[in-house]
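Visitor: Need a 3D model of the sequence below.
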Amino acid sequence: MALEFKLPDVGEGLTEGELLAWLVQEGDRVKEGQPLARIETDKAIVEIPAPGDGVVSELKFSEGAVIHVGEVFIVLAELTETVIPASPVGVGVVGVLEEAPAEEAPVRSILATPVVRQLAKELGLDLATVTGSGREGRILESDVRQAAAAAGSVAVSKSPPGETTPKEVAVSELKPTARKVKKYDFFGYIDHVPFKGLRKTIARNVSRSQQTAVTVTATDEADITELQRLRERARALVVNQAVHLTLLPFLVRAVVAALKDHPYLNATLDEESEDIILKKYYNIGIATDTAEGLMVPVIKNAGDKGILELAREIQDLSAKARDRSIDLADLQGGSFTITNYGAIRGIFGTPVINYPEVAIIGLGRVQELPRVRAGTIEIRQVLPISLSFDHRVVDGGQAARFIQQFIGYVEEPALIMI
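Guide: Sure, this is the predicted structure:
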């Protein structure tokens, strides 16, 4: 009996994923747990494992397609079954019509799925000229693409209005999910970038945050001259330990210390039960700039970790986020977020709260600025600070006291070691 395998929800609230690559072909035998496909979910790339042993009977989507959770994306036949072609040739609604044998040579039976047939049609390729590499000679998508590439260029099957001959299109310009888009508007040439994947997820999340939370941003600055000196001394001690010791681990420790005295900033609002949930753990999200968009890896139980342990974990999670190998579990469970836009030379900002959290702190570029100390002007290392908070849960006074306590810890770094 064939098993229609539906795309599962591999993360909290996942609704769709983009099929990046098939890891099997039709006719392949697979074992339970064997990866079938690479899917880009809301924030990570995951491999979908086979639910059991079987033979790949049909691949329902082409690479690049967006699949919704609950949609059948692959069909597996039992090992004892014969894989039946998805679109057998010569079968009508009520059966097969027997006709007198013709004098001509027998016509080759073409085994191919509807997806493969549609691709061949889009590429203007006659399937009768393609040699199938799948089970029982079945023509696979890769066979069609190889045949089209060998031809050098192909004709689009449908001519645009006003043209009487097919338009020649390079194979490299064709995609299985290609759609006709305008390449220029009234003012000049334009490009179309699909609004999907991580970018679509970011848009959904920030929109929900802005539409739900009552966001207020407070700003201040801290003199971190002494903290910088401490970091430089610590870097000299760990120079051979393969760890990049930035300011961030120290700032994480300062944030956790301040949150312990201001629990309403380490909280969520349960609107259904009308409860404010004060979290007794400190899972600190680190907003990370990647080529695909913003991701927020979470350091679990940050208050229980030392500076070097925090530095290693930040370094490891950031690298995994940037190459999209990060586990979904490492993107979940945050209670408060830090965004360090100073790393790309930002100064002040209005950070968007990472919903359903109620606060986020933005750290700007450290600058050498003149400051008055004991009646004299000195050049000091100054850190700009922006704190966005949900005014439904946190009042301005609470936010201001949190900022001042955070500043106290980073200006007197010995305090965060106690």
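
Visitor: Please enumerate the strands of the stretch 301-418 of the chain.
Guide: Counting by DSSP state E, counting those that start in this stretch, the segments of the stretch 301-418 of the chain that form strands are 336-339, 359-363, 367-373, 376-390.

Visitor: Tell me what angle the longest one forms with strand 367-373.
Guide: Strand 376-390 runs at 110 degrees relative to strand 367-373, counting by axes from the mean of the first three to the mean of the last three C-alpha atoms, to 10 degrees.

Visitor: Report the distance from strand 376-390 to the chain centre.
Guide: 33 Å (C-alpha atoms, centre = their mean, to the nearest Å).

Visitor: Quick one: mean pLDDT over that strand.
Guide: Along strand 376-390, the predicted confidence averages to a pLDDT of 97.

Visitor: Who does that strand pair with, and is each partner parallel or antiparallel?
Guide: When pairing is defined by DSSP bridges, strand 376-390 lines up against strand 215-223 (antiparallel), strand 359-363 (antiparallel), strand 367-373 (antiparallel).

Visitor: for the helix or strand following the first one, packing partners?
Guide: By that I understand strand 215-223. If you walk from strand 215-223 toward the C-terminus, the next helix or strand you reach (DSSP states H and E) is helix 225-237. Using 3 or more C-beta pairs under 8 Å, 6 or more residues apart in numbering; DSSP states H and E as the contact criterion, the neighbours of helix 225-237 among helices and strands are helix 248-261, strand 376-390, helix 396-411. For every residue, glycine as well, the C-beta is placed using N, CA and C.

Visitor: helices or strands up against the host helix or strand of I39?
Guide: The secondary structure element spanning I39 is strand 35-40 (assigned by DSSP H and E). With contacts taken as 3+ C-beta pairs under 8 Å, 6+ apart, strand 35-40 sits against strand 16-22, strand 45-49, strand 72-77.

Visitor: Sheet partners, orientation included, of the last one?
Guide: This points to strand 72-77. Based on DSSP bridges, the pairing partners of strand 72-77 within the sheet are strand 3-6 (antiparallel), strand 54-59 (antiparallel).

Visitor: What residues sit buried inside the first one?
Guide: Along strand 3-6, the positions that meet the burial threshold by neighbour count (16 or more other C-beta atoms under 10 Å) are L3, F5.

Visitor: Repeat that for the last one.
Guide: Judged by neighbour count (16+ other C-beta under 10 Å), strand 54-59 contains these buried residues: G54, V55, V56, S57, E58, L59.

Visitor: Same list, the strands of the stretch 301-418 of the chain, but as JSON lines with mean neighbour count please.
Guide: Formatted as JSON lines, the strands of the stretch 301-418 of the chain follow (neighbours: other C-beta atoms under 10 Å):
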{"stretch": "strand 336-339", "mean neighbour count": "24"}
{"stretch": "strand 359-363", "mean neighbour count": "26"}
{"stretch": "strand 367-373", "mean neighbour count": "11"}
{"stretch": "strand 376-390", "mean neighbour count": "18"}
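
Visitor: Output those in TSV, with distance to V24 appended to each entry.
Guide: Output for those, formatted as TSV (distance: least, C-beta to C-beta, whole Å):
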stretch	distance to V24
strand 336-339	39
strand 359-363	42
strand 367-373	54
strand 376-390	46
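
Visitor: right, so of those, which gets closest to D126?
Guide: With distances scored as C-beta to C-beta, the stretch of those nearest to D126 is strand 336-339 (55.3 Å).
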